[in-house]
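[1] here's a sequence, model it:
(one chain, ligands or ions: 1)
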Amino acid sequence: DYIKSKLLEIAQPKSQIVKKLVKEHGEKVIQNVTMGQVLTGMKGVVSLLTCTSKLDPEEGIRFRGYSIPELKNLLPKIHDEGEPLPEGIFYLMLTGELPTPEDVRYISEQWAQRAQGIPAHVYDVIEALPKDAHPMIQFNTAILAMSTESQFRKAYLVGMDKKDYWDPTYEGVMDLISRLPAIAAYIYRRVFYNGDHIEPDPSLDWAGNLAHMMGHDSEEAKRLMRLYMLIHSDHEGGNVSAHATHLVGSALSNPYYSFSAGMNGLAGPLHGMANQDVMHWLNKMKREIGCEDPTEEQIKKYAEETLANGRVIPGYGHAVLRKTDPRFTVQLEFANKYIPDAPYIKLVNKIYNVVPDVLGATGKVKNPWPNVDAISGSLLTSYGIKEFPIYTVLFGVSRALGVLTQLIWDRLYGLQIERPKSQNLRWFIDKAEE
Ligand code: CMX
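    Numbers count the residues shown, from 1 in each chain. Model (predicted):
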């Protein structure tokens, strides 16, 4: 595997730098932390080393320095007009370099081959769950069930030198990522299509195959899936799914355990589950207003009622972003270009016109603008993927690309176990009085 030797070459000097920073600058003060930050979710506290992507509050996400619009041009794609292949962003996040079309092809082939190794018991475990168990329950159970295959644990028990931990981590990550589309599609077909499963097409790319195995075989659906897999892949290190994966991985739990932790976090309504909740919110609005095409005035009233009832408006707001999420914008551009008249897209546009003002009027919401989830479900629905409970699973398949790449880097850097300090309420009261 030439990627492994390349990675080691890139990583060796970097891991030396990390060691040197700890040794020679370990005492350096890098930030003051306020009580408010600690008591409101540690926002803005620099406490993680993440190399795969960085989030700017105004500009949004950059993957190894490249924005989404830049990557649309720079990453290899199947058609000139089409979307970059997620294999390419994986390569970029892993190595820090832009891939050639050959690199992308190599990863596609590797994943197609590795995907064949899903152990039979994983399907038995999924089948043991009730069909109406939320797809995220089924997805995460399958991920844990796959950890019987972990090379990391075996290598650890044999007594592997810690400088080599990254190698079985890489193997586990490649296996795991390769298998997620088949698992996601299996759950989708089990829950929504009577278990009428579709075999993978070995000639297809990773995301194209996911759309195919789900039964959405048009080129448009495959293009949308590539876009979806690209933009959800990473969002810096502090979001719940990335941080949870990193935290659990810091105990040298294998990639399956680590990713499963991240997926448990993604299943929360304030994180990845928001993409499903947006659809519930929209549909409830249509039901309550009693029409398919509510006016902006009606939407505004419904949004205000949502707030008055002590609920959040899903798809809006962000812990870091302070502008419209570029992941929202790129989806809106796709929708406005190809399906401007789709009813759900019209609705998304109207909501975008009124909800920021409604949230702004509260005076407390720090970011009134839409995030990635405000449109993803409407777009999927418009392309025939209408089963909302699968949306967070699709988010999870994509998120694996970033958080698991970072997990390999955690091992390459030789990072230690994470163990921040906690204090009780008395300590905070005493601090306030100091
Ligand atoms: N609707 C209503 N209230 C909102 C809001 C929204 N969309 N966004 C923030 N607020 C409220 C918060 O609940 C908080 O209220 P309290 O002071 O009463 O607790 C206040 O505004 C301040 O919050 P904030 O600093 O602006 O936002 P946070 O960093 O605490 O939270 C987020 C960020 C995303 C959880 C929040 O904006 C939210 O709940 N949004 C809706 C859910 C959502 O879309 N999540 C998906 C995010 C993207 C993703 O991970 O997929």
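
[2] isn't residue 166 up against residue 406?
    No: with contact defined as C-beta atoms under 8 Å, residue 166 does not count as touching residue 406 (11.8 Å). All C-beta atoms are positioned from the backbone trio N, CA, C, and that covers glycine.

[3] what parts of the stretch 251-400 of the chain come near the ligand?
    Within the stretch 251-400 of the chain, the positions near the ligand by C-beta under 6 Å from any ligand atom are 270-272, 274, 307, 312-319, 359, 364-367, 371-373.

[4] check which helices and strands the strand or helix carrying residue 349 sits against.
    Secondary-structure assignment from DSSP states H and E places residue 349 in helix 343-360. Packed against helix 343-360, as judged by 3 or more C-beta pairs under 8 Å, 6 or more residues apart in numbering; DSSP states H and E, are the following elements: helix 274-289, helix 296-308, helix 326-338, helix 373-382.

[5] so which of these is the most packed in?
    helix 373-382 (a mean of 26; mean count of other C-beta atoms under 10 Å).

[6] on that earlier part again, out of the residues of the stretch 251-400 of the chain next to the ligand, which are inside helices?
    Among these, the members falling in helices (DSSP state H) are 274, 307, 359, 373.

[7] sorry, back to before: which parts of the helix holding residue 349 are buried?
    344-352, 354-356, 358-359 (16 or more other C-beta atoms under 10 Å).

[8] let me know the closest of those residues to residue 69.
    Residue 69 lies nearest to residue 352 out of those, by C-beta to C-beta, at 18.9 Å.

[9] just give the closest residue to that closest one, not the sequence neighbours.
    The spatially closest residue to residue 352, leaving aside those adjacent along the chain, is residue 370, at 6.0 Å (C-beta to C-beta, 6 or more residues apart in numbering).

[10] do you know the pLDDT at that neighbour?
    Here the pLDDT value assigned to residue 370 is 98.

[11] residues near it, how many?
    Neighbour count of residue 370, defined by other C-beta atoms under 10 Å: 27.

[12] what residues are up against the closest residue to the ligand within the chain?
    Using C-beta to the nearest ligand atom, the closest approach of the chain to the ligand is made by residue 317 at 2.1 Å. Neighbour list for residue 317: 359, 365-369, 371 [criterion: C-beta atoms under 8 Å, 6 or more residues apart in numbering].

[13] in PyMOL, select just the buried ones from these.
    Entered in PyMOL, the line below selects the buried ones among the contacts of residue 317, by 16+ other C-beta under 10 Å:
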select buried, resi 359+365+367+368+369+371
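
[14] just give me the closest of the contacts of residue 317 to residue 241.
    Of these, the one sitting nearest to residue 241 (C-beta to C-beta) turns out to be residue 371, at 14.1 Å.

[15] what sits against the closest one?
    Residue 371 makes contact with 274, 315-318, 321, 325, 327-328, according to C-beta under 8 Å, 6+ apart.

[16] what's the answer for residue 362, then?
    residue 307.

[17] immediately after the helix or strand of the chain with the lowest mean pLDDT, which helix or strand?
    The helix or strand of the chain with the lowest confidence, counting by mean pLDDT, DSSP states H and E, is helix 151-158 at a mean of 93. Note on helix 151-158: by DSSP H and E, the next helix or strand toward the C-terminus is helix 166-192.

[18] what helices or strands is that next one leaning on?
    Looks like helix 166-192 contacts helix 2-25, helix 101-114, helix 120-128, helix 135-146, helix 151-158, helix 206-214, helix 255-266, helix 391-413 (3+ C-beta pairs under 8 Å, 6+ apart).

[19] just the angle for that helix relative to helix 120-128, thanks.
    Angle of helix 166-192 versus helix 120-128, following axes from the mean of the first three to the mean of the last three C-alpha atoms, to 10 degrees, is 40 degrees.
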